[in-house]
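A.B. asks: Structure here, sequence nowhere to be found:
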């Protein structure tokens, strides 16, 4: 259908979600699968941005049952490592939304319920990954212009950094309005998968994230006007 000035609706929808994503507390279940589709691990966490960093994201269960004290300490140790990595790379770290080339977005399908955009991605000069091989589509509600879902797919296999051949890459993020707060949007489900060959050895797998029991809260960092680690959210 060609480029459409309504790309501003798309940009505003992304920005609106970015502005409120840190306001949600929820219970999250993360399931990892191996490349054969078998469950590798399950983590159930309780996330509450209104709490201090150490209590903000807590492991409460795994595929084996309630989390032990040892598992909970290990989980927090990994969180702290990730926080430090993010702090070191804060100037170079770009999310998927930061790479969306909004002015070149095109409306590719429109119905009474939704408007679907195809959005080209800006080049990734640091990694050299061919972003033009990735197809990204975003669906907005036709009436409210709120996010419905984001879909990412690799169009064809590509070789990356000479040693890895990326064969498959897919991501699906679904949004909705939890009953507890009908006027605000939340991330409800995410599913991603990847497959590659590294030095001729196949690697890959799949991850599924589901959130429930949402609560609208005041972030701890905002309440005390401090920056205390990265927000607890999925960076898309």
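C.D. replies: Received it, and whenever you're ready, just let me know what you need. None of these values were measured; they are calculated from a predicted model. Residues are numbered from 1 along each chain as shown.
A.B. asks: Tell me which helix or strand the nearest residue in space to residue 44 that is not next to it in sequence sits in.
C.D. replies: Nearest non-adjacent residue to residue 44, counting by CB to CB, 6 or more residues apart in numbering: residue 61, 4.0 Å away. In short, each C-beta sits where N, CA and C put it, glycine included. Assessed by DSSP states H and E, residue 61 sits inside strand 57-62.
A.B. asks: same check, this time on residue 20
C.D. replies: helix 7-20.
A.B. asks: hey, where'd the strands end up in this structure?
C.D. replies: Using DSSP state E, the strands found in the chain span residues 24-34, 39-47, 57-62, 65-66, 106-110, 114-118, 134-141, 147-154, 158-160, 164-176, 186-198, 201-216.
A.B. asks: Could you list the residues in contact with the helix holding residue 20?
C.D. replies: Contacting residues not belonging to helix 7-20 are listed as 97, 100, 102-105, 115, 117, 119, 138, 140, 145-147, 175, 184-185 [CB atoms under 8 Å, 6 or more residues apart in numbering].
A.B. asks: mind redoing it with 6 Å?
C.D. replies: Here helix 7-20 makes contact (CB atoms under 6 Å, 6 or more residues apart in numbering) with 97, 102, 105, 117, 140, 145, 147, 184, 185.
A.B. asks: ok, the fourth one - how many residues close by?
C.D. replies: Using other CB atoms under 10 Å, residue 117 has 25 other residues around it.
A.B. asks: what does residue 62 give?
C.D. replies: Residue 62 has 15 neighbouring residues, counting by other CB under 10 Å.
A.B. asks: and if you look at the one 3 residues further on?
C.D. replies: Applying other CB under 10 Å, we find 7 other residues in the vicinity of residue 65.
A.B. asks: Quick check: it vs residue 42, distance?
C.D. replies: 10 Å (CB to CB, to the nearest Å).
A.B. asks: before we move on, what about residue 211?
C.D. replies: 14 Å.
A.B. asks: Same question for residue 59.
C.D. replies: Applying CB to CB, the value for residue 59 to residue 42 is 11 Å.
A.B. asks: quick one, which of the two is more surrounded?
C.D. replies: Just comparing residue 59 and residue 42: by other CB under 10 Å the higher neighbour count belongs to residue 59, 20 against 14.
A.B. asks: what pairs with that one across the strands?
C.D. replies: Residue 59 has these beta-bridge partners by DSSP bridges: residue 45.
A.B. asks: 19 is where my numbering starts, stick with that
C.D. replies: Renumbered: residue one is now 19, and that last one reads residue 77.
A.B. asks: got the contact list for it?
C.D. replies: Per CB under 6 Å, 6+ apart, neighbours of residue 77: 63, 85, 90, 93.
A.B. asks: burial of residue 107, as a residue count?
C.D. replies: 10.
A.B. asks: for residue 102, same thing?
C.D. replies: Per other CB under 10 Å, the neighbour tally for residue 102 reads 11.
A.B. asks: next one: residue 237
C.D. replies: Residue 237 is flanked by 19 other residues according to other CB under 10 Å.
A.B. asks: now do residue 27
C.D. replies: Residues near residue 27, counting by other CB under 10 Å, number 17.
A.B. asks: roughly how far apart are it and residue 117?
C.D. replies: 19 Å.
A.B. asks: and if you look at residue 55?
C.D. replies: 29 Å.
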